[in-house]
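Chemist: Sequence first, predicted coordinates after that:
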Amino acid sequence: MDTLPPKRAAVLAFLRQQSLRGHTPSLAEIAAEFGFSSRNAAQKHIQALAEAGLIQLMTGQKRGIRVPQSTGRDRLLSLPVLGRVAAGVPIGADIGLDEQLLLDAGVFSLRPDYLLKVQGDSMIDDGILDGDLVGVHRSAEARDGQIVVARVDGEITIKRLERGERRIRLLPRNPAHAPIVVPAGVDFAIEGLYCGLVRRG
């Protein structure tokens, strides 16, 4: 699967989670879940997911969204929750094992190696909210513009990566937060790539 835009991936994950619970959300419920200003915004994401073949739309039905599910064990991932990641000011590493979750691999655009619990609201415009569990694919490399989990002076944060000629910045997706400029000589490492999220009710 090609990597989906983060908010669209979050909508797909929400639909899959609700489908596993036997519930088909309405456009109004999707809009409310993600803070969209109207049902039209939700409809655009639904239409794009349908065109990508990730969901099916049943015409003439009020709740006509169908999410194909695989019941094979190969589709299930057992993932550790390894603590917290800041969506705001970086927080100290908290890598103790919190729990282990069994999740559908289809929730993620890349195969994650572990989950981290988000703390803060700096990534809300990418659909990543406080309390979400984000999947992280271990990688020391990332392209400009990708959402990464990064370590800065021993502290962990999730942001969009911006590589300039002379500096690296970690960009929030909330205008209330300032970018983090990574000074030369600072201990900096990319820990992994964001590959989707799980939101628990």
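Modeler: Sure thing, it's come through.
Chemist: And the helices in this structure, which stretches?
Modeler: Secondary structure of the chain (DSSP state H): helices at 6-20, 27-34, 39-51.
Chemist: Pull the residues that contact stretch 164-173.
Modeler: For stretch 164-173, contacts defined as CB atoms under 8 Å, 6 or more residues apart in numbering pick out 87-88, 122-126, 128, 148, 150, 152, 157, 159-162, 178-184, 188. All C-beta atoms are positioned from the backbone trio N, CA, C, and that covers glycine.
Chemist: Mind doing that once more with 6 Å?
Modeler: Contact with stretch 164-173 is made by 122, 123, 125, 126, 150, 159, 160, 162, 179, 180, 181, 182, as judged by CB atoms under 6 Å, 6 or more residues apart in numbering.
Chemist: which non-adjacent residue is nearest the fifth one?
Modeler: Translated: residue 150. Of all residues not flanking residue 150 in the chain, residue 190 sits nearest, at 5.4 Å (CB to CB, 6 or more residues apart in numbering).
Chemist: same question, residue 143
Modeler: residue 161 (7.6 Å).
Chemist: For the chain, which element, helix or strand, carries the lowest mean pLDDT?
Modeler: strand 91-92 (a mean of 48; mean pLDDT, DSSP states H and E).
Chemist: could you dump the helices of the chain to CSV with mean pLDDT and mean neighbour count?
Modeler: Formatted as CSV, those follow (pLDDT from 0 to 100; neighbours: other CB atoms under 10 Å):
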stretch, mean pLDDT, mean neighbour count
helix 6-20, 81, 21
helix 27-34, 90, 17
helix 39-51, 90, 16
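Chemist: Against residue 42, how distant is the residue nearest to residue 143?
Modeler: 28 Å (CB to CB, to the nearest Å).
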